[in-house]
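**Student:** The following block contains a protein sequence and its predicted model.
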Amino acid sequence: MHLNRLLSLCVVSLVLNAASGVNPPPPGPPGRPQPPGSAINDPSVLPKQPSVRVEPTRHTPMPSVDPMRPQIGQPLPGLTTDQLNLFLDGLEDFEKVEDVAGGLGPTFNNTSCVSCHSAPVAGGASTTNVVRFGRVTGTTFDALESLGGTLLQSQAILPEAQEFVPTQANVVINRNSTPLFGLGLIDAIPDAAILANVRTVPVDGVLGKAASVTDVVSGKTRIGRFGWKSQQATLLGFAADAYLNEMGVTNRYFPNENAPNGNAVALAHTDMIADPEDAPATGLADFEKVANFMRYLAPAPVAPLTPSAATGQKLFTSMGCALCHVPALSTGPSADPAFNRKPVKLFSDLLLHDMGTLGDGIVQGPAGAREMRTSPLWGLRFSAPYLHDGRALTVDQAIRAHDGEGKVSRDRYIKLTPVQQSQLRDYLLSL
């Protein structure tokens, strides 16, 4: 059997074991680059094979959407048959398990989108965290890019590619997987609508900053809105980023593999598939199909307000929570009726705010170490645990952890009576 084919089969077996819960061999000594080729003694670069990406067979029937009785995980109401087909095709790829022949790795965090976005249904949140790291010296943040920072890929297709947190890092944090419901509506919000919420004079200490980023899709400067630091401006860019950084699958927007801990030699010894890997000759790439699934995925339905929650709604406004968690924005004009001037009841201004001790310490794009995007609150009752690292198991814990620009509202919450605190939480858990 041809050597490259044999290697590919062996690597596929390793990845299947990893996907089944079998831990990879331990990495070399922490803080030192692992010797490249420790299991592949030939120092020559492996010839690369074209990717073989399997087209999943649709198993989900065409959904019947009742706008009067929305269900979690359903598509937006009023979609055309063609749009529903795009939603279903995207769902199949969202659930598809990647393999080495299709471009998985050489470093990755998981083998499918649904692995990290499954609660309570595909497209939701989960308890899964990823690790980010960097180094702070005085007031300077070093992303340690030469050592693979800031995102750690926790799995690898071969031991040579296994990443570790370098000893140089003195900032190591977790980031929790976020729900994806309603992201198509967020994508359709005009930049101007986000900029309109930036304050020049603080109210209760709240200002807010728009994240100006270069959109990887258009190459234009846009306002970021996706990710904990608003690091992506468009849903398509968000999907393409996830394919590379979470599954190691390159595409036309992110065509270059991540070198394991920045080690180009280790990359050459373990990357067997030609880049870009998710790039069909015709039709949509898989990351585009997944972007369509997210685009047409409806927001989580709200629960009817109980008397307690109705009182909590008033408290939410009077305490200043709505200064950051703006109840609704709006999409702009669109030729697509599904997105034409639609209310987006996301409970976020999509701005970055200085969160004090609640910041994660990572500088990413225009977001400083203490700055985080206002998390949308819609679907809150489906998305525990809370906060960027999942540290808060309850809404009460999440509120009490607020700091920086959220400190005034937090202190007002602490001063409420226990009954009032319960009423506010009832309202939040109706969203």
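**Tutor:** Right, received. Where do you want to start?

**Student:** Going by C-alpha atoms from here, please, whenever you check contacts or count neighbours.
**Tutor:** Will do.

**Student:** Okay, buried residues for the strand ranked longest in the chain please.
**Tutor:** Counting by DSSP state E, the longest strand found in the chain is strand 129-137. Within strand 129-137, the residues that count as buried by 16 or more other C-alpha atoms under 10 Å are 129, 130, 131, 132, 133, 134, 135, 136.

**Student:** Mind picking the two most distant members of those residues?
**Tutor:** Within the buried residues of strand 129-137, two members stand farthest from each other by C-alpha to C-alpha: 129 and 136, at 22.0 Å.

**Student:** What's the separation between the residue nearest to residue 114 when sequence neighbours are not counted and residue 117?
**Tutor:** Using C-alpha to C-alpha, 6 or more residues apart in numbering and skipping the chain neighbours, the partner closest in space to residue 114 is residue 95 (5.2 Å). Per C-alpha to C-alpha, to the nearest Å, residue 95 is found 10 Å from residue 117.

**Student:** higher neighbour count, the two?
**Tutor:** residue 117 (22 against 19; other C-alpha atoms under 10 Å).

**Student:** For the residue nearest to residue 114, give me the pLDDT.
**Tutor:** If you check residue 95, the pLDDT there is 97.

**Student:** now swap in residue 334 and tell me
**Tutor:** 97.

**Student:** ok now do it, which residues does it touch?
**Tutor:** Going by C-alpha atoms under 8 Å, 6 or more residues apart in numbering, residue 334 touches 340, 341.

**Student:** Next, give phi and psi for it.
**Tutor:** Backbone torsions for residue 334, taken as degrees, to the nearest 10, come to phi -150, psi 150.

**Student:** next one: residue 322
**Tutor:** phi -70, psi -10.

**Student:** ok, for it, nearest residue in space, not its chain neighbours?
**Tutor:** residue 316 (6.7 Å).

**Student:** Are there helices or strands packed against the helix or strand that that neighbour is a member of, and which ones?
**Tutor:** Take DSSP states H and E as the rule and residue 316 turns out to sit in helix 307-318. Applying 3 or more C-alpha pairs under 8 Å, 6 or more residues apart in numbering; DSSP states H and E, we find helix 307-318 packed against helix 418-428.

**Student:** what's next to the helix it packs on, contact-wise?
**Tutor:** So helix 418-428 is contacted by 305, 308-313, 315-316, 377, 380-381, 395-396, 413-414 (C-alpha under 8 Å, 6+ apart).

**Student:** Make a PyMOL selection of the buried ones in the residues you listed.
**Tutor:** A single PyMOL command selects the buried members of the contacts of helix 418-428 (16+ other C-alpha under 10 Å):
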select buried, resi 305+308+309+310+311+312+313+315+316+377+380+381+395+413
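
**Student:** picking that back up, contacting residues around the helix holding residue 316?
**Tutor:** Outside helix 307-318, the residues touching it (C-alpha under 8 Å, 6+ apart) are 322, 420, 422, 423, 424, 425, 426, 427, 428, 430.

**Student:** what about this structure, any weak spots by pLDDT?
**Tutor:** Applying pLDDT under 70 to the chain flags residues 1-46.

**Student:** mind listing the helices in it by residue range?
**Tutor:** 3-19, 81-95, 183-187, 191-195, 235-247, 264-270, 286-296, 307-318, 395-400, 407-415, 418-428 (DSSP state H).

**Student:** From residue 324, how far off is the residue nearest the centre of the chain?
**Tutor:** The residue lying closest to the centre of the chain (C-alpha atoms, centre = their mean) is residue 227, at 5.3 Å. Distance, residue 227 to residue 324, using C-alpha to C-alpha: 16 Å.

**Student:** tell me the contacts of the nearest residue to residue 182 once chain neighbours are set aside?
**Tutor:** Excluding the flanking residues, the one nearest residue 182 by C-alpha to C-alpha, 6+ apart is residue 299, at 4.1 Å. Taking C-alpha under 8 Å, 6+ apart, we find residue 299 in contact with 72, 76, 181, 182, 183, 378, 379.

**Student:** next one: phi and psi at residue 299?
**Tutor:** Here is the backbone geometry of residue 299 (degrees, to the nearest 10): phi -60, psi 160.

**Student:** before we move on, what about residue 57?
**Tutor:** According to degrees, to the nearest 10, residue 57 has phi -90, psi 130.

**Student:** From what I see, it and residue 92 are in contact.
**Tutor:** Yes: Residue 57 is within contact range of residue 92, at 7.4 Å (criterion: C-alpha atoms under 8 Å).

**Student:** so how far is the first residue of stretch 256-264 from its last?
**Tutor:** One end of stretch 256-264 to the other measures 12 Å (C-alpha to C-alpha).

**Student:** in that stretch, what counts as buried?
**Tutor:** 257, 258, 259, 260, 261, 262, 263.

**Student:** Export those residues to CSV and append columns for distance to residue 142.
**Tutor:** As requested, the buried residues of stretch 256-264 are arranged in CSV below (distance: C-alpha to C-alpha, whole Å):
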residue, distance to residue 142
257, 21
258, 18
259, 18
260, 18
261, 15
262, 14
263, 18
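
**Student:** so which of the residues you listed would you say is closest to residue 219?
**Tutor:** For those, the nearest to residue 219 is residue 257 (20.2 Å; C-alpha to C-alpha).

**Student:** need the contact list for the closest one.
**Tutor:** 244, 248, 249, 250, 275.

**Student:** hmm, try it at 7 Å
**Tutor:** Shown in contact with residue 257 (C-alpha atoms under 7 Å, 6 or more residues apart in numbering): 248, 250.
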